[in-house]
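Colleague: I would like to see how this sequence folds:
(chains A, B, C and D)
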Protein chains: 2
Amino acid sequence: MTLNVAAVTVDLVLLTIRQGTLQVLLVRRGIEPYLSRWALPGGFVHDDEDLDAAAIRELREETGVDSSAGHLEQLATYGAPGRDPRGRVITVAYLALLPDLPAPVAGSDAAHAEWRPVDEPELAFDHDRILADGVERARAKLEYTPLATAFCAREFTVADLRGVYETVWRTKLDPRNFHRKVTTAEGFVEPTGHSVTRDRGRPAQLFRRGPATLLHPPLLRP
Amino acid sequence: MTLNVAAVTVDLVLLTIRQGTLQVLLVRRGIEPYLSRWALPGGFVHDDEDLDAAAIRELREETGVDSSAGHLEQLATYGAPGRDPRGRVITVAYLALLPDLPAPVAGSDAAHAEWRPVDEPELAFDHDRILADGVERARAKLEYTPLATAFCAREFTVADLRGVYETVWRTKLDPRNFHRKVTTAEGFVEPTGHSVTRDRGRPAQLFRRGPATLLHPPLLRP
DNA sequence: ACATTAAGCGTCATGTTGACGATAATAGCC
DNA sequence: GGCTATTATCGTCAACATGACGCTTAATGT
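Modeller: Sure, this is the predicted structure:
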């Protein structure tokens, strides 16, 4: 038999959409191992702290964002024996979907943090794998939950929402069919009554997210 | 700052269908805390062991079943500070969907193990919550994956498969529409050429699981 | 032989999807 | 102002999927 104890960390896969691409918040490592490599932000779980609480705390430390803004959920746990050369480390990864933050990353730890495209390879530790799992989870969840709205501001247009799907899925969707599906799916979005002109073209209605937690029927990937 | 270390365990939510009900493998605790209460089987992760490997080992120890028989996946991780009065314990829960085992539970640890209906309440620790999460995951996964076949023997009839859905979802499904959906869904099941007479009635064709990992279109809950 | 049971095929009205035409409402340009 | 480019939104239609349910087939039990 053996020790059975390990260090426990929470790492975050923070996803957002900037400049039309899916991006993830990464930090540059300042210490060995993997010195100066990009890595997912994260830290140790405190002694009296629940895992969710640790994730919420890290999210605030890294982005200054309150967890109510976007969406935060547990992703998976990684604990292969050799994944950190310093010793046994169990990492509980969390996935967050966030709107493009209007306030720049102001927090203290965030000094070294930067948004990078998700296809950035060569992360420290097994973070490539964790990131890939997070992106795949996000892609799958857009199908049968209204979570795409977590990437949007509080009020958004149907085109904004379509942009989220197109970016995350890397596809083009028919604007007319997408509009029909989104507005007829029970509880997905509800109109605010306002409208805006985005760039060119006819002004669009503004929506906010509806009460549904599951999409009926789902929006399946093409 | 604090210690940041914790004991790490792997607990299993082993689900199967017996006597027409969804059942979970539980063990009676022989020590404090929660003495003589039902609990999920599990144990410590060894020092040089990956989490998945620990889950596979526990599965074999508890049931004698090779992990290739059914389906095993990571469920979620639980680490609230007070969840084990003896100290900080992080539990990585795994979910397994297993066929009704022809070989009785023969393993050593399995002496105290017993299949119980999943609505059995009052488990030790936070195991009620873990079990509920596992059952909900199973229910959801039947919709868009072919995992219902994991509850069946290697060869099964459409009626067997329908029984799985009806038991897990607690609904009745129309046999004719179900038959059509299952046999037309690409890669869900493939005929073996054999057939059997189960009890009364016309003999049914035998199928094995097909190559699909995702159901297109999905089988949505009524 | 006949009733009973369950498998598997067929039908039909309704709902959903994908492809794409048509119209509406704005900005920019002349 | 009038024209054009651009985007939002509505509408149409054929193909496909779904739910309700009738019918035939091939077993078992009496």
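
Colleague: run through who's touching the top helix by length along chain A.
Modeller: Counting by DSSP state H, the longest helix found in chain A is helix A:127-144. Applying C-beta atoms under 8 Å, 6 or more residues apart in numbering or on different chains, the contact partners of helix A:127-144 are A:11, A:13, A:15, A:22, A:24, A:38-40, A:75-76, A:78, A:91, A:93, A:95, A:97, A:118, A:121-123, A:147-148, A:164-165, A:168-169, A:214-215, A:218-221, B:144. No exception for glycine: its C-beta is placed from N, CA and C like everyone else's.

Colleague: go again with 7 Å.
Modeller: A:11, A:13, A:15, A:24, A:39-40, A:75-76, A:78, A:93, A:95, A:97, A:118, A:121, A:123, A:147-148, A:165, A:168-169, A:214-215, A:218-221 (C-beta atoms under 7 Å, 6 or more residues apart in numbering or on different chains).

Colleague: who touches whichever helix or strand comes after that helix?
Modeller: For helix A:127-144, the following helix or strand on the C-terminal side (DSSP states H and E) is helix A:158-169. If you take C-beta under 7 Å, 6+ apart as the criterion, helix A:158-169 is touched by A:17, A:20-22, A:138-139, A:142, A:148-149, A:151-152, A:172-173, A:175, A:178-179, A:182, A:204, A:207, A:221.

Colleague: so is the very next helix or strand once past helix A:158-169 next to DNA strand C?
Modeller: As assigned by DSSP H and E, the chain's next helix or strand after helix A:158-169 is helix A:175-184. Yes - using C-beta under 7 Å from any atom of the strand, helix A:175-184 reaches DNA strand C at A:176-177, A:180-181.

Colleague: distance from helix A:175-184 to the middle of the chain?
Modeller: In terms of C-alpha atoms, centre = their mean, to the nearest Å, the centre of helix A:175-184 is set 24 Å apart from its chain centre.

Colleague: that older thread, from the residues of helix A:175-184 next to DNA strand C, which single one is nearest A:F188?
Modeller: Taking C-beta to C-beta as the measure, A:F188 lies nearest A:K181 of the residues of helix A:175-184 next to DNA strand C, at 8.5 Å.

Colleague: any residue of stretch A:84-104 touching chain B?
Modeller: Yes - using C-beta under 7 Å from any C-beta of the partner chain, we find that stretch A:84-104 touches chain B at A:88, A:90, A:92.

Colleague: so which of those is the closest to DNA strand D?
Modeller: A:V92 (36.2 Å; C-beta to the nearest atom of the strand).

Colleague: by contact count, what packs against whichever strand or helix holds the closest one?
Modeller: Remark: A:V92 resides in strand A:89-97, with elements defined by DSSP H and E. Judged by 3 or more C-beta pairs under 7 Å, 6 or more residues apart in numbering or on different chains; DSSP states H and E, strand A:89-97 is in contact with strand A:5-18, helix A:51-63, strand A:71-78, helix A:127-144.

Colleague: show me what counts as buried in the shortest one.
Modeller: To tie it back to what came earlier, the one meant is strand A:71-78. Using 16 or more other C-beta atoms under 10 Å in any protein chain shown as the test for burial, strand A:71-78 gives A:71-72, A:74-78.

Colleague: which of the helices and strands packed on strand A:89-97 sits most buried?
Modeller: Comparing these by mean neighbour count (mean count of other C-beta atoms under 10 Å in any protein chain shown), strand A:5-18 ranks first with a mean of 23.
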